[in-house]
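>>> just coords:
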Ligand SMILES: [Zn+2]
C-alpha cells in the first residue's frame, strides 16, 4: 500500500492520530444519528479507520506484530469505551443494551400546551395585573377556622357538614374555596390590598358532567379606605369586557356568608347574544362569578379595622369558564389528560 515499509513507530503514530481524532469526534456527537455516523467512520467493520489499522498491522514485520497488536488493542478498547459511554448518554434510558431498531421511523417531536383551565387563569391574572393586582397563594389543607370561622360562616352552615366537606381530621380540612387566602393576606399585609388568588379547592361533589370534587378557583380581593360597590362593579365590568370581548353584564343580588351585599355577575351569552340557547339555558345570560363587599366581620377576624377600611371580593370557576368558552359539554374532559382533546386548545 505504501512505498516505504511500515515500522512499529509508524504504526504507533497512526494509532495515536486515530485516537486523537476519534475520541473528540465521539464526544461531540450530539444525537444517536450523529454518533452512528462517527461510529461508521472510525469503528465500522466494513470501512472504518480501525479496520484499516488492523489491516496495517498485518504489514508489519513479524517481530513487531506482538507489541503493535497490544498497542492496537489498548487504543481500540479505549475508543470503544468512549463510544459506549457516549451511546449510553444519548440513548433513551428505557432502551437497554443495544441501540433501538434503527429502521424504526423517528417519533415526531411535539410540544406541550397550556391546559384550557390554566389558559383562563393566566388571562385573568394578566388582566388584573394591569389593574395593579398581585397574586397570592395559600395552603390547600386549612384549619376549619380559616376555611369557615374567619369567613363568617354560621355554625350550622351546610358547607361545614361532613357530607359536603373533605375533613382530614377534626382540625384540618381540604379548603372548599380559596377565600382563606383572603384572610391570610389581610393578616400578613396592611391595606391597601389588591390580590388575585388562584388555586385548587375540594368539595364532596360527585364527579359528573358538571361537577368535580377538585377544581380550580380564582378569587380577587380589594381592601382600602373608601372602597365601594361602584369599584367592584367598574372593575368586574372592565374585566368582563377584556375577557369576553365587549359584552353586556348584569348583577343579580345573591348571598354569601363572607360578603354583604352580595351579587352574582352574568355576561350576555356569547353564543346566542341574548336570544336564548342551550349554553345559557334559554336565559340569554351566563353566570360567571359571585362577588360582594367584604363582610365587616371578615375584616375584623383578620385584624383589619372595619370602620376605617372597606373592600370587595369575587370568586370565579375557571373550569366553568373554559367549558362555556369552548362549548365543552362535560367537565370531566378537562381532567382526562387526553392529548387528542387538549391539543384542540393549543395556542
Ligand atoms: Zn345563549
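Nice, thanks for sending it over. All values derive from a computational prediction rather than experimental measurement.
>>> Now do the helices in the stretch 101-250 of the chain.
116-130, 144-147, 180-188, 229-244 (DSSP state H, counting those that start in this stretch).
>>> counting contacts, what elements does the longest helix along the chain pack onto?
If you go by DSSP state H, the chain has its longest helix at helix 62-90. Contacts defined by 3 or more C-beta pairs under 8 Å, 6 or more residues apart in numbering; DSSP states H and E place helix 62-90 against helix 8-28, helix 32-42, helix 49-57. C-beta coordinates here come from the backbone N, C-alpha and C atoms, glycine included.
>>> Let me have these in JSON lines, extended by distance to the ion, mean neighbour count and mean pLDDT.
Shown next, in JSON lines, are the helices and strands packed on helix 62-90 (distance: least, C-beta to the ion, whole Å; neighbours: other C-beta atoms under 10 Å; pLDDT from 0 to 100):
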{"stretch": "helix 8-28", "distance to the ion": "61", "mean neighbour count": "16", "mean pLDDT": "92"}
{"stretch": "helix 32-42", "distance to the ion": "54", "mean neighbour count": "17", "mean pLDDT": "89"}
{"stretch": "helix 49-57", "distance to the ion": "73", "mean neighbour count": "16", "mean pLDDT": "88"}
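>>> Make CSV from the ones you listed and add distance to residue 195 to it.
Output for the helices and strands packed on helix 62-90, formatted as CSV (distance: least, C-beta to C-beta, whole Å):
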stretch, distance to residue 195
helix 8-28, 51
helix 32-42, 49
helix 49-57, 66
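>>> Which one of the ones you listed lies nearest to residue 281?
Residue 281 lies closest, by C-beta to C-beta, to one member of these: helix 32-42, at 56.1 Å.
>>> can you tell which of the helices and strands packed on helix 62-90 is closest to residue 125?
By C-beta to C-beta (comparing all of the helices and strands packed on helix 62-90), the closest turns out to be helix 32-42, at 41.0 Å.
>>> what inclination does the closest one have with respect to helix 62-90?
Helix 32-42 and helix 62-90 are oriented at 180 degrees to each other (axes from the mean of the first three to the mean of the last three C-alpha atoms, to 10 degrees).
>>> Now find how far off-centre helix 32-42 is within its chain.
The chain centre lies 37 Å from the centre of helix 32-42; the measure is C-alpha atoms, centre = their mean, to the nearest Å.
>>> show me where pLDDT drops low in the stretch 151-300 of the chain?
The stretch 151-300 of the chain contains residues with pLDDT under 70 at 159-163.
>>> which residues in it form strands?
167-169, 172-174, 193-202, 214-224, 249-256, 259-268, 285-294 (DSSP state E, counting those that start in this stretch).
>>> wouldn't residue 342 be in contact with residue 116 here?
Yes. Using C-beta atoms under 8 Å, residue 342 makes contact with residue 116 at a distance of 7.3 Å.
>>> Looking at these two, which one has more neighbours?
The neighbour comparison of residue 342 against residue 116 (other C-beta atoms under 10 Å) goes to residue 116, with 23 against 17.
>>> before we move on, the earlier item: the helices of the stretch 101-250 of the chain: which one's closest to residue 306?
Short answer: helix 180-188, nearest of the helices of the stretch 101-250 of the chain by C-beta to C-beta, at 10.9 Å.
>>> In that closest one, which residues are buried?
180-186 (16 or more other C-beta atoms under 10 Å).
>>> Which other helices and strands does it contact?
helix 144-147, strand 193-202, strand 214-224, helix 296-301.
>>> What sits closest to the one residue in the stretch 1-150 of the chain that gets nearest to the ion if chain neighbours are left out?
Of all residues in the stretch 1-150 of the chain, residue 120 sits closest to the ion, at 19.2 Å by C-beta to the ion. Distance criterion C-beta to C-beta, 6 or more residues apart in numbering; nearest residue to residue 120, sequence neighbours excluded, is residue 318 at 3.9 Å.
>>> Now for that neighbour, how many residues are close by?
Residue 318: 23 neighbours (other C-beta under 10 Å).
>>> Excluding residues flanking it in the chain, which one is nearest residue 102?
Once flanking residues are discounted, residue 102 sits nearest to residue 36: 7.2 Å by C-beta to C-beta, 6+ apart.
>>> The one you found touches residue 87, doesn't it?
No. Using C-beta under 8 Å, residue 36 is not in contact with residue 87; the gap is 9.2 Å.
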